[in-house]
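Q: 3D, please:
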Amino acid sequence: MGFSIIGTIIAVVILLPSIIFFIKFPPRHAAEEKSKLPKIFELLEKIGQMGCIVSLVISKDFFLIEKANYFTMLMVICIALYYALWIAYAIKDGEFSVMLKPLLFIPIPGAVLPVCAFVFAALWGQCIWLGASAIILAVGHCTISWESYRRIK
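A: Numbering: from 1, shown residues only. Coordinates of the predicted model:
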């Protein structure tokens, strides 16, 4: 354990677009009504996000370039598709449905792609804490996003 520059870069690369694009292009046509989901899903989402970030930042021994493998490539592909989704979101001036409508064969891609990127990073680095955090994030984030998709559909 210890500070990991590669893990930190992965965390920043995955989280940065949501911060930048939501500030620059606030979401339009998001579901207006309050979610009827139990608050536990929001809690799981936040715990998963923090767990993923912390796991990546302190994963000095897990993410080494010389250990790159096919999980690394799958992570990069997920991140690239995620960025393409954010670019489409920006082009559509913050149209929220862009993040939720299926992309190719991927349902709710705005939630699934970053979660998959975290999962593939966990598999690449064989980091159990990142994997567990990604699963917790998936339960919260994908459930909330699916509910949003259902309401705006």
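
Q: list the helices and strands the longest helix anywhere in the chain packs on?
A: Counting residues, the longest helix found in the chain (DSSP state H) is helix 128-152. Packed against helix 128-152 by the contact rule (3 or more C-beta pairs under 8 Å, 6 or more residues apart in numbering; DSSP states H and E) you find helix 40-57, helix 97-100, helix 109-125. C-beta here means a position set from N, CA and C on the backbone, and glycine is covered the same way.

Q: tell me the angle that helix makes with helix 40-57.
A: 140 degrees (axes from the mean of the first three to the mean of the last three C-alpha atoms, to 10 degrees).

Q: how about helix 128-152: buried residues?
A: Buried residues in helix 128-152, counted by 16 or more other C-beta atoms under 10 Å: 129-131, 133-149.

Q: Kindly report the same for stretch 61-70.
A: 62, 63.

Q: how long is it from one end to the other?
A: End-to-end distance of stretch 61-70 (C-alpha to C-alpha, to the nearest Å): 19 Å.

Q: Can you list the low-confidence ranges for this structure?
A: For the chain, applying pLDDT under 70 flags the ranges 29-34.

Q: Find the centremost residue of it, please.
A: For the chain, the residue nearest the mean C-alpha position is residue 114 (2.5 Å; C-alpha atoms, centre = their mean).

Q: That residue and residue 83 touch, don't they?
A: No - at 10.6 Å, residue 114 and residue 83 do not qualify as touching, with contact defined as C-beta atoms under 8 Å.
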